[in-house]
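[1] please find the sequence and the predicted model below.
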Amino acid sequence: MRKKAASLMEKIFGWGILLTLLAGGLAFLGYLAALAAGGGENGAGMRIALFIQKEYFPVVIVCAAISAAIGLLGMYLNGMEGLSLKGKQD
């Protein structure tokens, strides 16, 4: 049961990190769109960049943190210590 839970957590961690990386790429594309849109103060480009900074990034950061926590729990259930220098003794 413990191994199954650890395996499931590692899969969730993998998908979470993949989605986080894709979200980072989307943010980059959003900033490129904001740069292309331009518009000066209160222009379209500024509104896009502020949306990414104030609305988008906090959600992505929370999702990444939750994914990392799930990954660490999965590692500890497998007997590995992810935050220490020693590993599983075989």
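    Happy to help now that I have it.

[2] which residue ranges of the protein form helices?
    2-37, 44-51, 57-77 (DSSP state H).

[3] so what's the closest residue to residue 52 other than its chain neighbours up against?
    Closest residue in space to residue 52, ignoring its immediate chain neighbours: residue 30 at 4.9 Å, by C-beta to C-beta, 6 or more residues apart in numbering. Backbone N, C-alpha and C define where each C-beta goes, glycine included. Neighbour list for residue 30: 48, 49, 51, 52, 56 [criterion: C-beta atoms under 8 Å, 6 or more residues apart in numbering].

[4] how close does the closest residue to the first one other than its chain neighbours get to residue 41?
    Meaning residue 48. Nearest residue to residue 48, sequence neighbours excluded (C-beta to C-beta, 6+ apart): residue 34, at 3.8 Å. Here the criterion is C-beta to C-beta, to the nearest Å. By it, residue 34 lies 13 Å from residue 41.

[5] the two - which one has more neighbours?
    residue 34 (20 against 5; other C-beta atoms under 10 Å).

[6] wait, that one sits on residue 52?
    Yes. Taking contacts as C-beta atoms under 8 Å, residue 34 lies within contact range of residue 52: 7.4 Å.

[7] now residue 10. Nearest residue, chain neighbours left out?
    Using C-beta to C-beta, 6+ apart, the closest residue to residue 10 is residue 74 (4.4 Å).
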